[in-house]
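Engineer: Let's see this in three dimensions:
(one chain, ligands or ions: 2)
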Amino acid sequence: MEKNSTKSKDQFVSEEEKTLNWIEVQEAFEKIFGKEIYSSWLKNISLLKEYNDHLILGVPTRFFRDWIVSRYLDKILEQLKNFKLSLNRIEFKILEENKSSSNSENFKIDTLNKVTEIKDSILNYNRLNPNLNFENFIEGSSNEIALSSAQKVCEHTSRYNPLYIYGGVGLGKTHLLNAIGIELQDKNNVMFISAERFMYHFIKSIKKNDMVNFKDFFRKSSVFIIDDIQFLRGKESLQEEFFHTFNSLIEKNSQIIVSADRAPMKLDRVQERIKSRLSGGLIVDIEKPDLELKVKIIKRRIEDIQNQFKENPNISEEVINFIANESKTNIRELIGILNRVVAYTRIHKKKLAISDCKNILKDVFNQAKIITVDKIQNAVSNFFNLPLNEMLSQRRSRPLARPRQIAMFLAKKMTTRSLPEIGRRFANRDHTTVIHAVKTITRLSEKDEEMRNNINKIKAILLEE
Ligand code: ADP
Ligand code: MG
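Structural biologist: Ligands and ions are numbered 1, 2, ... in the order given. Purely as a prediction, here's the structure:
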């Protein structure tokens, strides 16, 4: 119980109702979220007002609030409910939006050091990978335009500005960006950073009141390469900062290269003015590789292995074609499969047959499978032959309630969704209902063989689909 602080002027709930001891809450946060997340984020939340059913919490900036809300809100609420049962809502108040950074004293003292600090941490995380160069990038009809545009930018910077490369995951965007960075780094001040990392430094600088150095640091590059720009979606203050960075770079004729998972105009929840800036240069896309390119990539990797390890992986033409045909998603997956196959031949010291390959592939695909709450709900309702809407309805009869509980149980076990999130997907049930379901099904499957078998069957269906 708080003693002194409850005597504050703000009596929003009566003394008896006031139950939160913020220090205890913070300790719980640290345990649940781990030291790192806690000290970067949650530690900075303060309790401003306590009402019976909701709280007003203080956070340093708007950005900070967006970040916390998008990542941790469910879990925070879930935790707080452990301390205060009647709670059902949290509001955030932004505390120091207009605290100016430019006149802060400690700036002048140590400007140089701070720049180095940003620089060091960027160098640590964003070193160019020497293996992702143009030489190792294999050309095919799906990527030839992107490749030649990237090479042209290297020959003659700021002709196409920005160069915008987009395409699905694992198709070679980061590889190309990295190759450009390597090519240009000798003669230019190259900055290569992912949009996520850019944000990390942005927030860190806000927290340290260090925005001036942040701006200087990013704006002085002559080649600015930013990967996965779709990360900006929905993040207002980051977009604001990016927009200004972008403009000042273009103004001084720095080359900008951007990658994304979609075309600029398809970036929803991104400001129009940014989209239009991003569209102002050259836009190229990378498509899924065709069979020919996949075979070329596999052969080149095998060659590399031969050269590097002085061993012959002994993989037949037939197996190469089989892998290339089976891997339909992207190049990252293709390489992953090949690595498995190579590891297998090493361990078993034998030439691989197609049947071995099939087994390896089955494993790989099972691992890559993404199970969602939707898929689970569908699988369970099919399995028990129940219409989905009845299974999700509020009716409590056992023939409906058990499958519903099984679906909740599997959602908890097979997805990364939090309890409140799962509850919401089940016709807005409370997270305590989910907890109850998980406990019930765990208990039942320990003693009831049929239950155990059913769950295993549904799991198998989900993994095989
Ligand atoms: P993205 O950034 O588009 O998600 P990456 O650039 O990380 O994809 O590529 C995934 C993997 O595939 C990396 O190991 C990369 O080296 C490899 N890769 C992609 N395209 C090619 C290519 N054309 N030639 C050789 N390797 C490639
Ligand atoms: Mg990438």
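
Engineer: Residue numbers of the stretch 151-300 of the chain in contact with ligand 1?
Structural biologist: 167, 169, 170, 171, 172, 173, 174, 175, 297 (Cβ under 6 Å from any ligand atom). Every C-beta, even on glycine, is put in place using the N, C-alpha and C of the backbone.

Engineer: Selection in PyMOL covering whichever of those are buried, please.
Structural biologist: This is the PyMOL syntax for the buried subset of these, where burial follows 16 or more other Cβ atoms under 10 Å:
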select buried, resi 167+170+171+172+173+174+175+297
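
Engineer: Which ones among the residues of the stretch 151-300 of the chain next to ligand 1 lie within helices?
Structural biologist: 173, 174, 175, 297 (DSSP state H).

Engineer: The last one and residue 291 touch, don't they?
Structural biologist: No - counting by Cβ atoms under 8 Å, residue 291 is not a contact partner of residue 297; they are 10.9 Å apart.

Engineer: one step back: pLDDT added to the ones in helices among the residues of the stretch 151-300 of the chain next to ligand 1, as JSON lines?
Structural biologist: Shown next, in JSON lines, are these (pLDDT from 0 to 100):
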{"residue": "173", "pLDDT": "97"}
{"residue": "174", "pLDDT": "95"}
{"residue": "175", "pLDDT": "97"}
{"residue": "297", "pLDDT": "97"}
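
Engineer: and the gap between the residue in the stretch 51-200 of the chain positioned nearest to ligand 1 and residue 459?
Structural biologist: Of all residues in the stretch 51-200 of the chain, residue 172 sits closest to ligand 1, at 2.7 Å by Cβ to the nearest ligand atom. Noted for residue 172: a distance of 34 Å to residue 459, by Cβ to Cβ, to the nearest Å.

Engineer: Would you map the strands across this protein?
Structural biologist: 46-50, 54-59, 89-94, 163-166, 190-194, 223-227, 255-260, 282-285 (DSSP state E).

Engineer: can you tell me which of those strands the model trusts least?
Structural biologist: For the strands of the chain, mean pLDDT drops lowest on strand 89-94, to a mean of 82.

Engineer: Just the CA atoms of that strand, as PDB, please.
Structural biologist: Extracted in PDB, the C-alpha atoms of strand 89-94 (Å, rounded to 0.1, in the frame of the first residue of the first chain):
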ATOM      1  CA  ARG A  89      -8.400   0.200 -19.400                       C
ATOM      2  CA  ILE A  90      -5.200   2.200 -19.500                       C
ATOM      3  CA  GLU A  91      -4.700   5.700 -20.800                       C
ATOM      4  CA  PHE A  92      -1.400   7.300 -21.500                       C
ATOM      5  CA  LYS A  93      -0.500  10.900 -21.000                       C
ATOM      6  CA  ILE A  94       2.600  12.300 -22.800                       C
END
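
Engineer: Give the buried residues for it.
Structural biologist: Quick answer for strand 89-94 (16+ other Cβ under 10 Å): 90, 92.

Engineer: again with stretch 238-256
Structural biologist: 238, 239, 241, 242, 243, 245, 246, 249, 250, 254, 255, 256.

Engineer: From those residues, pick the one nearest ligand 1.
Structural biologist: residue 256 (17.4 Å).

Engineer: So the chain: which segments form each domain?
Structural biologist: 11-94, 144-286, 291-365, 373-464 (automatic domain parsing).

Engineer: Just the endpoints, please. Distance across the second one?
Structural biologist: From its first residue to its last, domain 144-286 covers 8 Å (Cα to Cα, to the nearest Å).

Engineer: same thing with stretch 79-90?
Structural biologist: First-to-last residue span, stretch 79-90, Cα to Cα: 12 Å.

Engineer: That one: how far from the chain's middle?
Structural biologist: How far stretch 79-90 lies from its chain's middle: 28 Å, per Cα atoms, centre = their mean, to the nearest Å.
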